[in-house]
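# Need coordinates for the following:
(one chain, ligands or ions: 1)
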Amino acid sequence: MNFNTDLSCILVIFGGTGDLTHRKLLPAIYNLKHSGKLPDNFALVSIGRKDISNDEYREQAYKSIKNSSRFKIIDETLWEDIAKRIYYKKFEFHDSLGYKELNSFLDKLDNSYNTKGNRLFYLAVAPEYFSLINDELYKQGMVKNEASWQRLIIEKPFGRDLSSARKLNKKITEVFGEANTYRIDHYLGKEMIQSLMVLRFANSIFEPLWNSKYIDNIQISSSETVGVENRGGYYENSGALKDMVQNHMLQLLTLTAMEAPVDLSSSSIRDEKVKILRSLEDITPEKIKQDIIRGQYGESMIDNKRILGYRQEDKVSLNSNTETFVALKLHVENYRWAGVPFYIRTGKRMKKKSTEIIIQFKSIPKFLYSKEFDNLNSNLLVIGVQPREGIYLKFNTKKPGTENFIIPVEMDFCQTCQFESNTPEAYERLLFEVMNGDNTLFTSWDEVEYSWKFVDNISSQWGSEKLSLPNYESGSFGPKEADELLLRDNRHWWNL
Ligand SMILES: NC(=O)c1ccc[n+]([C@@H]2O[C@H](COP(=O)([O-])OP(=O)(O)OC[C@H]3O[C@@H](n4cnc5c(N)ncnc54)[C@H](OP(=O)(O)O)[C@@H]3O)[C@@H](O)[C@H]2O)c1
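Predicted structure coming up:
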């Protein structure tokens with residue numbers, strides 16, 4: 001970890017006119033200011049190709065903040081203080097002169113804002129530019145690693161496969177070093193993902209049960225109701241496995257399954273997460289056939305509206321084989337989890353938008369309530385990640401007024417209900433952590449490497465095998481094969 005308590009810095013956003021910057025990064029900067037977390041010595045330089053002035057860029061930034069900030073009313077005094085620190089620079093990423101001019105401009109801003117040479121370079125750009133920008137920053141002497149600090153934030157996807165990820169990593173760490181490289185997985189910035197460690201390790205009631213003796217299975221689902229929207233070109237080369245499983249889903253799995261770290265330092269937590277990735281069972285060709293299900297959404301009507309199938313989306317091939325849904329059954333081969341299946345599922349155009357982790361506990365012995373047994377619900381602990389953040393425990397009780405009629409009830413902690421709109425958003429928290437020099441909430445190279453190994457194994461065996469797609473309707477819970485995956489084990493998905 002590279003702790004440096006001086007948060008003073010210039011944030012340089014490559015891709016400053018893009019969707020991510022407008023919807024997430026600019027609102028995050030305002031939110032940090034609003035919460036008193038933005039350093040006094042701060043400036044922001046956004047880079048894009050559009051021909052606009054500083055004032056035009058500031059106007060656009062204001063609109064984006066108004067649309068997307070978690071604070072519904074913009075405090076004009078705070079905004080004015082940010083606005084005068086925002087600058088826009090137009091240049092082509094291939095143009096070395098652009099970086100040279102940017103470098104002198106940043107040096108000048110250091111004098112105006114006392115930012116001391118500290119830089120936070122955010123690559124909010126398509127992956128094909130990651131390496132190029134990294135190399136130019138190095139060539140122009142913009143990464144000094146002296147008394148000041150320079151950090152790189154890099155968006156997903158980190159590589160297209162293991163080999164490209166290794167190449168990219170080598171280049172980037174040669175310039176910035178691992179300690180100054182912040183690989184974003186924005187799920188790690190989500191409130192409930194941080195609560196997960198607290199839930200497990202700050203309560204004596206859960207951790208003793210958190211193992212194969214008491215847990216029947218764990219389900220990790222992340223579903224979206226939207227399709228690929230305008231990202232068809234990107235998605236065609238990615239698919240759900242690389243877009244979601246390689247990063248977000250495996251991150252949720254590691255945090256759910258890992259052992260308690262020796263302390264809360266970034267390296268101790270990352271070590272435990274890596275051990276889980278190393279313990280994943282081997283993915284054999286038979287396993288791929290049986291336990292990994294692919295799907296693609298087809299055309300359908302929802303609320304009298306025609307919904308395009310994936311193959312009809314812009315920049316998608318009419319016979320595309322790309323999966324928009326994956327479900328898989330996995331085992332973590334260690335003492336704690338021996339025999340416990342982890343079912344993972346993610347898809348687009350699903351029935352509801354939701355990310356959750358469901359811990360299903362084992363059934364009780366069939367003695368006392370044998371007559372009612374078939375109707376007894378399993379005990380579930382549900383961690384809602386988004387959009388509903390919270391934790392609830394589902395257990396059985398006697399229906400009041402009956403003799404032994406057993407019904408399931410919930411003990412519900414709804415975080416979004418209790419702390420509405422005041423919980424920081426993922427990008428806000430992540431930006432602050434980078435300024436603070438703490439990389440706990442970012443993916444380490446080891447994690448990326450093991451995740452790619454896992455995913456490459458599957459995608460190389462999938463190869464160009466032709467499938468009968470599409471195989472699920474938009475607005476459903478995915479293909480029937482995903483249900484059969486659990487039915488074979490006498491289980492079912494909890495579509496809560
Ligand atoms: N959008 C999201 O919600 C989201 C979520 C997670 C991850 N990401 C990742 O974040 C990154 C950015 O995504 P995005 O959706 O914001 O992309 P985007 O809307 O297409 O924005 C791309 C940005 O890069 C600039 N740009 C592209 N080529 C350039 C060049 N040759 N020279 C100079 N500037 C150039 C564009 O400038 P002009 O517009 O001025 O041409 C624009 O500012 C991607 O890696 C994506 O995978 C995005």
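# For the closest residue to the ligand within the chain, give me its contacts.
Closest to the ligand within the chain is residue 18: 2.3 Å, counting by Cβ to the nearest ligand atom. Glycine gets a C-beta too; all of them are placed from N, C-alpha and C. The neighbours of residue 18, taking Cβ atoms under 8 Å, 6 or more residues apart in numbering as the test, are 48, 124, 125.
# out of those, which touch the ligand?
Filtering the contacts of residue 18 for proximity to the ligand (criterion: Cβ under 6 Å from any ligand atom) leaves 48, 124, 125.
# what's the burial count for the second one?
Meaning residue 124. Using other Cβ atoms under 10 Å, residue 124 has 23 other residues around it.
# for residue 478, same thing?
Residue 478: 27 neighbours (other Cβ under 10 Å).
# do the same with the one 5 residues further on
By the criterion of other Cβ under 10 Å, residue 483 has 16 neighbours.
# Do I have it right that it meets residue 489?
No: at 11.4 Å, residue 483 and residue 489 do not qualify as touching, with contact defined as Cβ atoms under 8 Å.
# I figured residue 184 was touching residue 130, is that so?
No: with contacts defined as Cβ under 8 Å, residue 184 does not count as touching residue 130, sitting 11.8 Å away.
# Quick check: neighbours shared by the two?
Common neighbours of residue 184 and residue 130, using Cβ under 8 Å, 6+ apart, are residue 154.
# ok, back up a step: just put the ones next to the ligand among the contacts of residue 18 in CSV and tack on secondary structure.
Listed next are the ones next to the ligand among the contacts of residue 18 as CSV, based on DSSP: H, G, I helix; E, B strand; the rest coil:
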residue, secondary structure
48, strand
124, coil
125, coil
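# Mind checking which of residue 184 and residue 130 has more residues around it?
residue 184 (25 against 21).
# Once you drop chain neighbours, what's closest to that one?
Taking Cβ to Cβ, 6 or more residues apart in numbering as the measure, residue 184 lies nearest to residue 155, with 5.4 Å between them; neighbours along the chain are not counted.
# In contact with that neighbour, which residues are there?
When the contact criterion is Cβ under 8 Å, 6+ apart, the partners of residue 155 are 20, 123, 124, 125, 127, 184.
# which secondary structure element contains residue 72?
Of the helices and strands defined by DSSP states H and E, none includes residue 72.
# burial measure for it, as a count.
7.
# Likewise for residue 40?
9.
# Would you quantify the distance from residue 268 to residue 274?
11 Å (Cβ to Cβ, to the nearest Å).
# out of the two, which sits in the more crowded spot?
Here residue 268 and residue 274 are set side by side on neighbour count (other Cβ under 10 Å), and the busier one is residue 274, at 19 against 13.
# Excluding residues flanking it in the chain, which one is nearest the more buried one?
Closest residue to residue 274 apart from its sequence neighbours, by Cβ to Cβ, 6+ apart: residue 446 at 4.7 Å.
# Surely the one you found and residue 270 touch.
Yes: in this structure, residue 446 sits in contact with residue 270. The criterion is Cβ under 8 Å, and the distance is 7.0 Å.
# And these two? Which one has more around it.
residue 270 (22 against 15).
# Contact partners for the spatially closest residue to that one that is not a sequence neighbour?
When the adjacent residues along the chain are set aside, residue 270 lies closest to residue 444, with 4.5 Å between them (Cβ to Cβ, 6+ apart). With contacts defined as Cβ under 8 Å, 6+ apart, the neighbours of residue 444 are 178, 183, 270, 273, 274.
# Would you mind giving those as JSON lines with secondary structure and pLDDT added?
What follows is the contacts of residue 444, written out as JSON lines (DSSP: H, G, I helix; E, B strand; the rest coil; pLDDT from 0 to 100):
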{"residue": "178", "secondary structure": "helix", "pLDDT": "95"}
{"residue": "183", "secondary structure": "strand", "pLDDT": "96"}
{"residue": "270", "secondary structure": "helix", "pLDDT": "94"}
{"residue": "273", "secondary structure": "helix", "pLDDT": "96"}
{"residue": "274", "secondary structure": "helix", "pLDDT": "97"}
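# Relative to residue 319, which of these is nearest.
Minimum separation from residue 319 among the contacts of residue 444 (Cβ to Cβ) is found for residue 183, which lies at 34.0 Å.
# what pairs with the closest one across the strands?
Under DSSP bridges, the beta-bridge partners of residue 183 are residue 154, residue 443.
# Partner strands of the helix or strand harbouring residue 326 and their direction?
Using DSSP H and E, residue 326 falls within strand 325-331. In the sheet containing strand 325-331, its partner strands are strand 292-295 (antiparallel), strand 341-347 (antiparallel), by DSSP bridges.
# So for residue 148, which of the ones you listed sits nearest?
Distance to residue 148, taken as Cβ to Cβ, is lowest for strand 341-347 among the strands paired with strand 325-331, at 40.5 Å.
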